[in-house]
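Q: sequence plus the predicted model coming up.
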Amino acid sequence: MKRLTTCLTPLALLALAACATVEPPPQTVAIAFEAQVNGQPFQCGNSYTGIGTTQSTLTPTDYRFYVSGVQLQDQNGRWVPVALAQDGTWQRDNVALLDFENGQAPCRNGTPALNTSVRGQVPAGRYTAMRFTLGLPFEHNHGDPTTAPAPLNSTAMFWNWQGGYKFLRFDAVSNGLKPGAGEGNTGYNIHLGSTQCASATRTQAPSACQNSNRVDVVLNGFDPQRSRVVADVGPLMALANVDTNAPKTSPGCMSFPGDADCPPVMGALGLPYGGTPAPGPQKMFSLR
C-alpha cells in the first residue's frame, strides 16, 4: 500500500502563518450614562422632592461632569483601556465630558447639545467590570480654556489656571433656601475640583495640588451590551441641609477647605475632607 504524503509549498506556509497571526477587529463600545436625582431621571425644568436632611425640593439648573481613564476588565481579570473616539467635541485623548443639561428653561445658561455616552474601542472579548475617574488628569487640568481643544474649552466648567476645571458641576435652586438664609441666595451647588494648588498666581499653572479630589470609580458586573451607568447626585446630598448655607462660603459645596456644607457631600463622593478620612466608597455611580 502506497503512503500518501501531503506537502505544503513555501507560499502556502507563508499564507498559513499569516492567517494564524490575524487578530480579530476591535470591539466598538458605547457606554451609556443616565443622570438622576434621587432615583428620578434628570431633566431641565423638573423639580425633585425629598432632597437632603430637610426633604427639600430642588430645581436643577446645570449637570455636567468629566470622566477620564475609562477601562474595562476582561474575563481574565485584565484591565483594558477604552481607546476613546476622538470626536473633536466631547472626547479627547482619554477624557470625556458628559453633559445632561439642554440650555432650556432653568438651564438657560447651559448649552443645547447633550452628551450621554462614552464611545470608543477595546479588543474583542468579554468584559465584566469597568472603572474610570471622575475628574481630569493633572496634565489636562490646568491651562487656558479659551485656547484649549474641546471638550476642555468649556469656560462654564473652569475655575482658573490655579484650581483648574470643575470635575463635576451640579447647580440647583432650593425652594427652602430663602434670601437671608446663609449668604442671601437661593442656590445650592456642587462643584468638585482640585483645591489648594500651589502656583505663583491664579493665572499660572500649579506644580501640584494638596487636594486632588479625583474620584476613582469601580463598577462590577458591567456588560458593554446592556449596562448603563447611573450618575445620581441625590445620595451626595442625603446628609446635607440644602436649605441653608454656611456664612461667608459659596452656595452649597464647591470643594474648598473650611466649608461646613462640604463634609457630607465629599464623604458621599468617597473623598477625605478637612483631615477626616473618607467614610466609605463613592455613592454617586452605580450600574443599571
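A: Noted; the coordinates are in hand.

Q: when you work out contacts or count neighbours from here on, use the C-alpha atoms and nothing else.
A: OK.

Q: which residue ranges of the stretch 51-200 of the chain form strands?
A: All strands of the stretch 51-200 of the chain, identified by DSSP state E, counting those that start in this stretch, fall at 56-74, 79-81, 83-84, 91-92, 95-99, 117-122, 127-134, 158-160, 164-165, 168-174, 187-192, 195-198.

Q: keeping just the C-alphas, turn the last one into CSV.
A: In other words, strand 195-198. Output of strand 195-198 as CSV, limited to C-alpha atoms (Å, rounded to 0.1, in the frame of the first residue of the first chain):
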residue,chain,number,x,y,z
THR,A,195,-8.0,72.7,45.7
GLN,A,196,-5.0,74.2,47.5
CYS,A,197,-3.0,74.1,44.2
ALA,A,198,0.5,75.7,44.6
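
Q: partners of the next helix or strand after it in the sheet?
A: The helix or strand immediately downstream of strand 195-198 is strand 208-211, counting by DSSP states H and E. According to DSSP bridges, strand 208-211 forms sheet pairs with strand 195-198 (antiparallel).

Q: now the strand it pairs with, how far from the centre of its chain.
A: Offset of strand 195-198 from its chain centre (Cα atoms, centre = their mean, to the nearest Å): 21 Å.

Q: dump the strands of the stretch 51-200 of the chain into JSON lines; add mean neighbour count as well.
A: What follows is the strands of the stretch 51-200 of the chain, written out as JSON lines (neighbours: other Cα atoms under 10 Å):
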{"stretch": "strand 56-74", "mean neighbour count": "22"}
{"stretch": "strand 79-81", "mean neighbour count": "17"}
{"stretch": "strand 83-84", "mean neighbour count": "20"}
{"stretch": "strand 91-92", "mean neighbour count": "21"}
{"stretch": "strand 95-99", "mean neighbour count": "25"}
{"stretch": "strand 117-122", "mean neighbour count": "19"}
{"stretch": "strand 127-134", "mean neighbour count": "20"}
{"stretch": "strand 158-160", "mean neighbour count": "19"}
{"stretch": "strand 164-165", "mean neighbour count": "28"}
{"stretch": "strand 168-174", "mean neighbour count": "21"}
{"stretch": "strand 187-192", "mean neighbour count": "24"}
{"stretch": "strand 195-198", "mean neighbour count": "17"}
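
Q: please identify which of these is closest to residue 208.
A: Closest of the strands of the stretch 51-200 of the chain to residue 208 is strand 195-198, at 5.7 Å (criterion: Cα to Cα).

Q: re earlier: got JSON lines for the strands of the stretch 51-200 of the chain, with distance to residue 37 and mean pLDDT too?
A: Formatted as JSON lines, these follow (distance: least, Cα to Cα, whole Å; pLDDT from 0 to 100):
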{"stretch": "strand 56-74", "distance to residue 37": "9", "mean pLDDT": "97"}
{"stretch": "strand 79-81", "distance to residue 37": "29", "mean pLDDT": "98"}
{"stretch": "strand 83-84", "distance to residue 37": "27", "mean pLDDT": "98"}
{"stretch": "strand 91-92", "distance to residue 37": "25", "mean pLDDT": "98"}
{"stretch": "strand 95-99", "distance to residue 37": "15", "mean pLDDT": "98"}
{"stretch": "strand 117-122", "distance to residue 37": "18", "mean pLDDT": "98"}
{"stretch": "strand 127-134", "distance to residue 37": "18", "mean pLDDT": "98"}
{"stretch": "strand 158-160", "distance to residue 37": "23", "mean pLDDT": "92"}
{"stretch": "strand 164-165", "distance to residue 37": "23", "mean pLDDT": "96"}
{"stretch": "strand 168-174", "distance to residue 37": "10", "mean pLDDT": "96"}
{"stretch": "strand 187-192", "distance to residue 37": "13", "mean pLDDT": "95"}
{"stretch": "strand 195-198", "distance to residue 37": "26", "mean pLDDT": "93"}
